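Asks: Any chance you can model this:
(2 chains)
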Amino acid sequence: MSLFNVFGVASSAMTAQSQRLNVVASNLANADSATGADGKPYRARQVVFGTVPLGGGAASGVSGVKVAGVVEDPAPMKRLYEPQHPLADAEGYVTMPNVNVVEEMVNMISASRSYQNNVDMMNTAKTLLLKTLTLGQ
Amino acid sequence: MANTLDDYLRFHQTALGLRAQRQEILASNIANADTPNYKARDIPFDSALKTAMDAAAAGSSVPAAAQYRVPAQLSADGNSVDMDVERAAFADNAIHYEADISFINSKLKSLLAAIQG
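Replies: This is a model prediction of the structure:
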């Protein structure tokens, strides 16, 4: 029954979206982390989505979502003038993470909406399959 | 006799199979709404049903070929999923699927009535 593939597609997308949400959370939490485990300021990370053929393969047009990778944001770091800061350089500037908080909030809302869409999709597929089970009754 | 029964239900059976396949493809479109360079696909239902009916009459079955959707507006990441279109098509297809099931159910009921008298 091909409708079962909808579950696979939706759940792969939900996994990918929740990973995106995790990365957003990490970015927002570390928006002010001037130093990390490697001694450098935190760099914003972004997930990159890719497709993965499901069911009948690529020819059938059915494809799920996978996280193809997590890349570091190449945007320039923020520089903050704070001479009292222990991490300030000779000129009194502290290098801060390149997290764009507004962008991350938008990213978060987008991820959560996409997640909801996939939940909806799963519910519809479930209703249809249950209806199919009642055939002939 | 078995052949007659097959013929009796063939149309709705084929339509139901196609609806399920289309639902799957629309689900892929919605799932990949944020995937860069993903191109939305769909099957043209009327022509696909015609092809599938011809194949079913000959006793074989071919999966319908998905075609790329022409997007109303382009996006910077090369993704051509229009969420409004896809959600509408998804809901529409789900209702048609349920309708098909109702048709099959009523056909089975009348068949049963004929058998039991």
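Asks: okay, CA-based contacts and neighbour counts for the rest of this
Replies: OK.
Asks: And the helices in chain B?
Replies: B:2-31, B:45-57, B:83-116 (DSSP state H).
Asks: need the residues of chain A near chain B, please.
Replies: Residues of chain A found near chain B (CA under 8 Å from any CA of the partner chain) are A:2-3, A:5-6, A:9-10, A:13, A:48-51, A:59-65, A:114, A:117-118, A:121, A:124, A:128, A:131-132, A:135-137.
Asks: So which of those residues belong to helices?
Replies: Per DSSP H, these map to helices at A:5-6, A:9-10, A:13, A:114, A:117-118, A:121, A:124, A:128, A:131-132.
Asks: if we can go back for a sec, got a quick PyMOL command for the buried subset of the residues of chain A next to chain B?
Replies: Selection of buried members from the residues of chain A next to chain B for PyMOL, criterion 16 or more other CA atoms under 10 Å in any protein chain shown:
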select buried, chain A and resi 3+5+6+9+10+13+48+49+50+51+60+61+62+63+64+65+114+117+118+121+124+128+132
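Asks: Give the bridge partners for residue 67, please.
Replies: Looking at chain A here, since you left the chain open. Here residue A:67 sits in beta bridges with residue A:49, going by DSSP bridges.
Asks: think we crossed wires, I meant chain B
Replies: residue B:42.
Asks: residues touching it, list them.
Replies: B:41, B:42, B:43, B:44 (CA atoms under 8 Å, 6 or more residues apart in numbering or on different chains).
Asks: returning to that earlier point: so of the ones in helices among the residues of chain A next to chain B, which two are at opposite extremes in space?
Replies: A:114 and A:132 (27.1 Å; CA to CA).
Asks: The residue nearest to residue B:65 when sequence neighbours are not counted - how many residues pack around it?
Replies: Distances taken as CA to CA, 6 or more residues apart in numbering or on different chains put residue B:43 closest to residue B:65, at 6.5 Å, once the chain neighbours are dropped. Residue B:43: 22 surrounding residues under other CA atoms under 10 Å in any protein chain shown.
Asks: now swap in residue B:72 and tell me
Replies: 10.
Asks: which residues touch it?
Replies: residue B:82.
Asks: Got the phi and psi for it?
Replies: phi -70, psi -30 (degrees, to the nearest 10).
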